[in-house]
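Participant: Show me how the following folds:
(one chain, ligands or ions: 1)
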Amino acid sequence: MDINKKVTSTFKSLGVLKTNEPLKKYTSFKTGGPSDIIIWPKNRDALKEIILLSKNESLPVTVLGGCSNLLVGDKGIRGVVIMLNSMSKIKGRITIEDSGLIYCDAGVRKDEFLRFCVDAGFSGMEFMAGVPGCIGGGIIMNAGTVDGNFADIISSVVCMSSDGVVSMQTIAKEAAGYRTMGIPDRSIVLGGFFRLRKEENRKSVKEKIESILRERMQKHPLDYPSAGSVFKNPPGHSSWKLIDDAGLKGKSIGGARVSELHTNFIINAEKAMSRDIVQLIDYIRETVFLKFNISLDPEIRIIGEF
Ligand SMILES: Cc1cc2nc3c(=O)[nH]c(=O)nc-3n(C[C@H](O)[C@H](O)[C@H](O)COP(=O)(O)OP(=O)(O)OC[C@H]3O[C@@H](n4cnc5c(N)ncnc54)[C@H](O)[C@@H]3O)c2cc1C
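Facilitator: Sure thing, here's the model as predicted:
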């Protein structure tokens, strides 16, 4: 998409900007083509200006965090990609509020948040140990594990609308679902307030985190690029088991392979392209459906042009 020089130079004044930047540099799959413009806003006002300018110029906007739950097409993403992650110039802020809630900016990495909470003597957030990416991505996806999820601990979120209006939204646990927080589409999460328990015994919190990390290292193929679990678990079933029972362990297309260690992970085994991964996803869905009459829905977000 051609973006005129004047618009690009206005964007440049609002943050760190790159053009035609390959997104595989940022995605956990290590795949994905270029974005026309990628920008790390320098502050909240700049973010608002980027949103409004993009709207004026009819440029599509995509907001990304740690890029750990994404499959980006090989032809990349048109328009403007706004990065809200730790490389952002918006310095990640974590504070303990007078109310006892903990506020955390969207761009803070989950492991940084975890460390802060352990040091400050809180518990309840241990489930996010080993889950990559940022707090904003975790909130919007309602990321979690069998030990808990974001909806268990979030109290409210600060969002920016597609008109640049900032508002606070209370989160009702019932409105959240499996990998969704129920936040309106196109809202940009700027941060969240978390309700955690005060915990004097920091050692036990640390031990729980270490034990979760050890277990994940054994169960997940962390030596290869991936985006975590590819499919949601259908009600009453485990996706990994359906894929395993369908005989797909180790199945490869191009450089993409169904992990032998955890069959709900697709790994970038050897210079995979996104199209290899998407073809493997389609193949798995088709095979599982034909064998068991069960539909697998992707948990990862598939975006951009293929
Ligand atoms: C090895 C591995 C293990 C994983 N294990 C787990 C797990 O146990 N549980 C789990 O739930 N997930 C897991 N994941 C997936 C992923 O890490 C989580 O979903 C994570 O919370 C995504 O956060 P992110 O910042 O990387 O989001 P991204 O991948 O950058 O974005 C995900 C989606 O959120 C949107 N988004 C991101 N930030 C914002 C924002 N600030 N405002 C609005 N929209 C935004 C994006 O547009 C996109 O649609 C795993 C991934 C890997 C690679």
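
Participant: So which residues of the stretch 1-150 of the chain form strands?
Facilitator: Ranges of strands in the stretch 1-150 of the chain, per DSSP state E, counting those that start in this stretch, are 15-22, 34-41, 61-64, 70-72, 77-83, 94-96, 102-105, 122-123, 144-145, 148-149.

Participant: Columns distance to the ligand, mean pLDDT and mean neighbour count on top of these, output as TSV?
Facilitator: Backbone N, C-alpha and C define where each C-beta goes, glycine included. As requested, those are arranged in TSV below (distance: least, CB to the nearest ligand atom, whole Å; pLDDT from 0 to 100; neighbours: other CB atoms under 10 Å):
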stretch	distance to the ligand	mean pLDDT	mean neighbour count
strand 15-22	15	95	16
strand 34-41	11	96	24
strand 61-64	4	97	21
strand 70-72	4	98	26
strand 77-83	8	97	22
strand 94-96	15	96	15
strand 102-105	9	97	23
strand 122-123	18	97	20
strand 144-145	5	96	18
strand 148-149	7	96	18
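
Participant: So for Ser211, which of these sits nearest?
Facilitator: Using CB to CB as the measure, strand 144-145 is the one of those that comes nearest Ser211, at 12.7 Å.

Participant: For the closest residue to the ligand within the stretch 201-306 of the chain, list the residues it contacts.
Facilitator: Scanning the stretch 201-306 of the chain for the residue nearest the ligand gives Gly228, at 2.4 Å (criterion: CB to the nearest ligand atom). Going by CB atoms under 8 Å, 6 or more residues apart in numbering, Gly228 touches 28, 68-69, 131-132, 220, 265, 299-300.

Participant: how about the strand or helix carrying Arg275: buried residues?
Facilitator: For Arg275, the enclosing helix or strand under DSSP states H and E is helix 274-292. For helix 274-292, a neighbour-count test (16 or more other CB atoms under 10 Å) marks 274-278, 280-281, 284-285, 287-288 as buried.

Participant: try stretch 121-129
Facilitator: 122-129.

Participant: swap in stretch 204-212?
Facilitator: 205, 208-209, 212.

Participant: cool, stretch 185-192 as well?
Facilitator: 187-192.

Participant: Leu59 and the ligand: what is the separation?
Facilitator: 16 Å (CB to the nearest ligand atom, to the nearest Å).

Participant: ok, that residue to Asp74 distance?
Facilitator: From Leu59 across to Asp74, the span is 21 Å (CB to CB, to the nearest Å).

Participant: I'd guessed Asn149 sits against Ala143; true?
Facilitator: Yes. With contact defined as CB atoms under 8 Å, Asn149 counts as touching Ala143 (6.5 Å).

Participant: Highest neighbour count among the contacts of Gly228?
Facilitator: Within the contacts of Gly228, Asn69 tops the neighbour count with 25 neighbours, counted by other CB atoms under 10 Å.

Participant: ok, it - contacts?
Facilitator: Residues near Asn69 by CB under 8 Å, 6+ apart: 28, 133, 137, 141, 143, 227-228, 299-301.

Participant: For burial, what's the neighbour tally of Lys219?
Facilitator: Using other CB under 10 Å, Lys219 has 12 neighbouring residues.

Participant: Now do it, the pLDDT please.
Facilitator: You'll see Lys219 listed with a pLDDT of 97.

Participant: same check, this time on Glu200
Facilitator: 87.

Participant: Which element, helix or strand, includes it?
Facilitator: Glu200 is part of no helix or strand, with elements assigned from DSSP H and E.

Participant: ok, now how distant is it from Lys251?
Facilitator: Relative to Lys251, and taking CB to CB, Glu200 is found at 49 Å.

Participant: returning to that earlier point: sort out for me which of the buried residues of stretch 185-192 are in strands.
Facilitator: Residues of the buried residues of stretch 185-192 located in strands (DSSP state E): 188-192.

Participant: and the ligand, which of the residues you listed reach it?
Facilitator: 188-189 (CB under 6 Å from any ligand atom).

Participant: Nearest to Ser239 among the ones in strands among the buried residues of stretch 185-192?
Facilitator: Nearest to Ser239 among those: Val189, at 26.5 Å, using CB to CB.

Participant: contacting residues for the closest one?
Facilitator: So Val189 contacts 84, 106, 136, 139-140, 157-159, 183 (CB under 8 Å, 6+ apart).

Participant: Okay, and which of those residues map to helices?
Facilitator: 136, 139-140 (DSSP state H).
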